[in-house]
Structures are given as C-alpha cells and as structure tokens.
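Asks: Next one to model:
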Amino acid sequence: MHTQISDSEQQELIEKLDIFRIRGRDKRGRTVLRIIGKFFPARIVSVDALRKYLEERIFPEIEKKPFAVLYVHTGTQRCENFPGISAVRSIYDAIPIGVRRNLEAVYFLHPGLQARLFFATFGRFFFTDGVYGKLRYVSRLDYLWEHVRRSEIEVPDFVYDHDEDLEHRPMMDYGLESYHPRVYDAPAVDSPVSTYSMRCIS
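Replies: So this is what the prediction gives:
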C-alpha cells in the first residue's frame, strides 16, 4: 500500500533519491544508465508515478543512441525496495521500442541468489526483445570495471563496503553466511542478520 502523496511529489522523491542517473560510459563508449535498487522506495512510489518519471525524464535521454544499464542490486530487499513482479512487467511493457532497441547491455551488480533463480527460471519468458541475452551478472566491482569506465561512474560507499564483505564472506553471494573462523576472524555466533536476509529476498 502506497503512502498518499501526489504523482508529482513521488516523481520529485525519485529525483531527490538519485535512483536513476545517466552519466558515464562503458568500455564500448555506450552511455550508462545507473540504477540504485536500494534507493527505490517501493512502499511510497506507485507504478504510475515511476512510469511517468521514466517517460518524462529518462527515456528521452536514451532513446536516440546505444546505451547500457548498470543495475546496482547491493543491499536491495524484496520487502523494502522491490515493487513486485507485475509492476516490473508493467514498467517493462511501457518502455518505448526505440529505447529497447538501443539497450545493448545490462550489468547486474551483486546479484543475490533469489535474483539469479528468478532470471534463470522466468527471465527468458518475462523479458522479450532479447533483453535476457544482454544480461551480465557482475559479482564484484573489480569485474565491473572491466566493462565500465570507473572514473565516469559514481557508486555509493555502501556498495564498496558490501564488496569488501563479499571478499571475506564469499557465501554471502548466495544469501548465506559462513561461520568458519578463517573467514570471519572472529568467534562463530548465530546471527539474526542471516535469518533476516533469507526472509527478505535479496
């Protein structure tokens, strides 16, 4: 259920949160649309408001030239930042043909286990126009910089922090926590965080 604020207020909130930003290029010279999943307030913003925002402020900037999407999934929780499968499909269907035609790559940074499973089972049917084939999972920032020009892309600090955590806790890639002392360098304890992370699909 969405908070009762107007469409224009919702659009201004999207702008203020800097969820979508068109800036920088990848190694092939394509413009990059960066999306920060964690910043999206799914409980407040309606599908209509998001669609209008994209139609007015994003699509006109990318429909005339090849571009790539960098979707930063870091820290995204299904119960907080995901608008729902039907909403995503509705937004996808509203993307103009010209924009879809110019989309050449999707870099999916820090995909969780549930996201991988979803795309593996439903991705080919959910997304048409060959978009599924353009999807590239990127598990670490070092791998991202092989595709995207680092000096031209702004990434929030929490993404770097999470990336560092993944280096020391590799099972976090799959939504699990490893309790091996060599990984943690600390006594093994039961953590409520890992339980929560499994409830709120990331």
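
Asks: do you know how far Arg100 is from Tyr107?
Replies: Using C-beta to C-beta, to the nearest Å, we find Arg100 at a distance of 17 Å from Tyr107. Yep, even glycine has a C-beta here, placed from its N, CA and C like the rest.

Asks: quick one: the helices in the chain?
Replies: 7-17, 47-53, 59-62, 78-81, 85-93, 97-102, 113-118, 124-126, 141-144, 157-168, 181-184, 192-199 (DSSP state H).

Asks: what's the most buried one of those helices?
Replies: helix 47-53 (a mean of 19; mean count of other C-beta atoms under 10 Å).

Asks: So what's the gap between it and the chain middle?
Replies: Relative to its parent chain, helix 47-53 has a centroid offset of 17 Å by C-alpha atoms, centre = their mean, to the nearest Å.

Asks: Give me the helices and strands touching that helix, please.
Replies: Contacts defined by 3 or more C-beta pairs under 8 Å, 6 or more residues apart in numbering; DSSP states H and E place helix 47-53 against helix 7-17, helix 85-93.

Asks: contact partners of the shortest one?
Replies: Read that as helix 85-93. Residues from elsewhere that reach helix 85-93, judged by C-beta atoms under 8 Å, 6 or more residues apart in numbering: 47, 50-51, 54, 83, 126-127.

Asks: One more pass at 6 Å, please.
Replies: 47, 51 (C-beta atoms under 6 Å, 6 or more residues apart in numbering).

Asks: please begin residue numbering at 6 from this point
Replies: In the new count, where the first residue is 6, that last one comes out as helix 90-98.

Asks: picking up where we left off before, export the helices of the chain to TSV and tack on distance to Asp31 and mean pLDDT?
Replies: Converted to TSV, the helices of the chain look like this (distance: least, C-beta to C-beta, whole Å; pLDDT from 0 to 100):
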stretch	distance to Asp31	mean pLDDT
helix 12-22	24	95
helix 52-58	24	94
helix 64-67	13	94
helix 83-86	24	84
helix 90-98	22	82
helix 102-107	13	91
helix 118-123	21	83
helix 129-131	24	70
helix 146-149	10	96
helix 162-173	17	91
helix 186-189	33	34
helix 197-204	30	36
